[in-house]
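> This is a predicted model, with the sequence first.
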Amino acid sequence: MVPLVIPTRNRPMSLSFLLKYLGEFNPGQRVVIANGSHHSYLAAYEEAVRDNDSLLQIEYKEYDSGLHFRDRMVDCVSGLDDDIIFVGADDDFPVLDTLYQGVEFLRANHDHVVAIGGIICLSMLDEDQFNAKFLHAFSLQDEDIVSRLSKYSQWAFATSYAATRRDHYLERCNNLQLNAMKIFGDYNVGLHDCLAGKIKALPEIGYFTTKLATHSRFGPPSRLHYLEHAQETLNLRDYYTEKIASTTAIDNQEARSIADKLIAMKIAHWTGGSPQFLDGFGCSSLFRDETVRKQYDAFQDLFRQGTAEQKKLGGNLRKVVDAMLEISEANSDNHGEPEKYDSIEYFLASTNGGISRP
């Protein structure tokens with residue numbers, strides 16, 4: 001049984017609904033919870049675990065609330081013996097049938113580090129209105145590392161919601177310790193994956209992610225973030241120069257040129273040049289990739305009455321939406337940490353849009 005590792009912080013109600021979802025659709029699934037919450041939330045977490053323990057194999061770990069998210073995850077994942085893991089937040093709902101296909105693929109193809117399906121991101125605008133956005137993934141299976149990096153940079157995607165090799169995940173954490181600039185978040189993770197090995201995209205939905213107004217999360221940095229933190233941007237360029245030179249036969253000068261292009265591509269996308277807005281993108285090989293097209297078809301069919309996709313995942317979608325409605329109405333998650341701040345609203349205001357990271 002591949003473990004689903006769930007980092008969580010100050011969101012016991014969200015975790016409870018995720019565990020109920022897993023108990024209904026994947027009874028017996030092994031779940032490892034890495035809880036970094038303030039002590040005022042711990043009783044609610046323990047209740048959520050007790051309520052769902054009979055349906056799932058739950059391993060519950062509590063960490064000091066002051067421990068950094070990265071250090072918490074390194075400790076948690078390092079204690080696992082499994083070669084492959086799943087990792088998802090406490091408010092994100094996996095389609096484990098898809099992810100287990102990825103596990104089978106990784107075990108048969110040792111040159112791959114990640115296997116990922118498409119992602120549906122659900123945002124709750126108000127109690128009567130939801131927004132559904134599809135996030136693609138395509139395979140990066142070139143033997144040449146630079147080709148993988150170049151193709152990924154043209155239309156980057158999040159690679160975290162996937163079947164992932166455990167040792168590679170730990171290497172990722174070290175990479176993020178060195179390079180934590182906001183605008184390069186998921187992009188940085190994807191580049192690291194491309195350097196380490198190949199990526200397999202699966203032609204099905206792999207995850208439902210959710211966004212609620214009552215949940216704190218990283219706010220978007222300014223469009224000039226890369227200039228406001230120019231030295232960090234240059235440091236990141238130097239990091240990838242060294243990584244490319246050390247993992248290929250390319251000399252430092254050419255490696256620097258490649259790193260420049262990777263950084264410039266992300267800056268271009270961040271400042272308004274996203275590829276999907278370019279003329280002709282709909283006819284491009286990236287958009288017309290067979291796996292991407294199947295993912296998009298699955299996404300569209302999920303919202304059409306009577307389709308095979310709706311019969312397959314319609315129940316999952318209904319469960320996720322119901323959870324979002326109840327969590328939003330109760331509004332008990334993120335209600336504050338008494339020793340630090342009175343409420344999440346006060347915290348966000350006092351930190352100019354800060355974050356309580358799950």
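Received, thanks. Numbering: from 1, shown residues only.

> Can you show me the strands along the stretch 101-250 of the chain?
Taking DSSP state E, counting those that start in this stretch as the test, the strands found in the stretch 101-250 of the chain are 112-126, 129-135, 162-165, 198-211.

> Those strands into TSV, with extra columns for mean pLDDT, mean neighbour count and distance to D90?
(C-beta placed from N, C-alpha, C; glycine too.) Below are the strands of the stretch 101-250 of the chain laid out as TSV (pLDDT from 0 to 100; neighbours: other CB atoms under 10 Å; distance: least, CB to CB, whole Å):
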stretch	mean pLDDT	mean neighbour count	distance to D90
strand 112-126	93	22	15
strand 129-135	92	13	19
strand 162-165	98	27	17
strand 198-211	97	23	10
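
> any chance of these in CSV, plus distance to M265?
As requested, those are arranged in CSV below (distance: least, CB to CB, whole Å):
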stretch, distance to M265
strand 112-126, 20
strand 129-135, 18
strand 162-165, 22
strand 198-211, 17
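
> Show me the shaky parts of the stretch 151-300 of the chain.
Scanning the stretch 151-300 of the chain for pLDDT under 70 picks out the ranges 177-181, 214-220.

> Counting neighbours, what do you get for D64?
By other CB atoms under 10 Å, 9 other residues sit near D64.

> got the phi/psi numbers for it?
When read as degrees, to the nearest 10, the backbone of D64 gives phi -60, psi 140.

> Contact partners for it?
Contacts for D64 (CB atoms under 8 Å, 6 or more residues apart in numbering) come out as G36.

> For G118, see how far away it is.
36 Å (CB to CB, to the nearest Å).

> do the same with E232
According to CB to CB, E232 and G118 sit 32 Å apart.

> for D71, same thing?
31 Å.

> go on, D82?
Distance, D82 to G118, by CB to CB: 24 Å.

> and what of T291?
Applying CB to CB to T291 and G118 gives a distance of 9 Å.

> Find the residues that touch each one of these two.
A137, L202.

> Mind telling me what element L313 is part of?
For L313, the element it lies in under DSSP states H and E is helix 308-330.

> residues in contact with the closest residue in space to A137 that isn't next to it in sequence?
Leaving aside its sequence neighbours, A137 sits nearest to A201 (CB to CB, 6 or more residues apart in numbering; 4.3 Å). Neighbour list for A201: A115, I116, G117, A137, F138, S139, T291, V292, Q295 [criterion: CB under 8 Å, 6+ apart].

> Can I get those residues in a markdown table including distance to K312?
Below are the contacts of A201 laid out as a markdown table (distance: CB to CB, whole Å):
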| residue | distance to K312 |
| --- | --- |
| A115 | 19 |
| I116 | 18 |
| G117 | 13 |
| A137 | 19 |
| F138 | 22 |
| S139 | 22 |
| T291 | 18 |
| V292 | 19 |
| Q295 | 14 |
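
> among those residues, which two are most distant?
Farthest-apart pair in those is A115 and V292; separation 15.3 Å (CB to CB).

> which residue ranges form the helices in the stretch 151-300 of the chain?
Here the stretch 151-300 of the chain has its helices, by DSSP state H, counting those that start in this stretch, at 166-178, 185-196, 225-228, 230-247, 252-270, 290-302.

> want to try TSV for the ones you listed, with distance to M124 and mean neighbour count as columns?
Shown next, in TSV, are the helices of the stretch 151-300 of the chain (distance: least, CB to CB, whole Å; neighbours: other CB atoms under 10 Å):
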stretch	distance to M124	mean neighbour count
helix 166-178	28	17
helix 185-196	22	22
helix 225-228	27	16
helix 230-247	33	16
helix 252-270	26	17
helix 290-302	17	17
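
> To T210, which of those helices lies closest?
For those, proximity to T210 was assessed by CB to CB; helix 290-302 is nearest, at 15.3 Å.

> just the angle between the closest one and helix 308-330, please?
Angle of helix 290-302 versus helix 308-330, following axes from the mean of the first three to the mean of the last three CA atoms, to 10 degrees, is 70 degrees.

> How confident was the prediction at E345?
For E345, the pLDDT comes out at 42.

> same check, this time on the one 4 residues further on
pLDDT, the model's per-residue confidence, is 43 for A349.

> Isn't K243 up against C194?
No - with contacts counted by CB atoms under 8 Å, K243 stays clear of C194, the gap being 10.3 Å.

> pLDDT below threshold where in the stretch 1-150 of the chain?
Within the stretch 1-150 of the chain, no range satisfies pLDDT under 70.

> at 90 instead, please
For the stretch 1-150 of the chain, the stretches with pLDDT under 90 are 124-130.

> And the helices in it, which stretches?
Using DSSP H, counting those that start in this stretch, helices in the stretch 1-150 of the chain cover 12-25, 42-52, 69-78, 96-108, 145-154.
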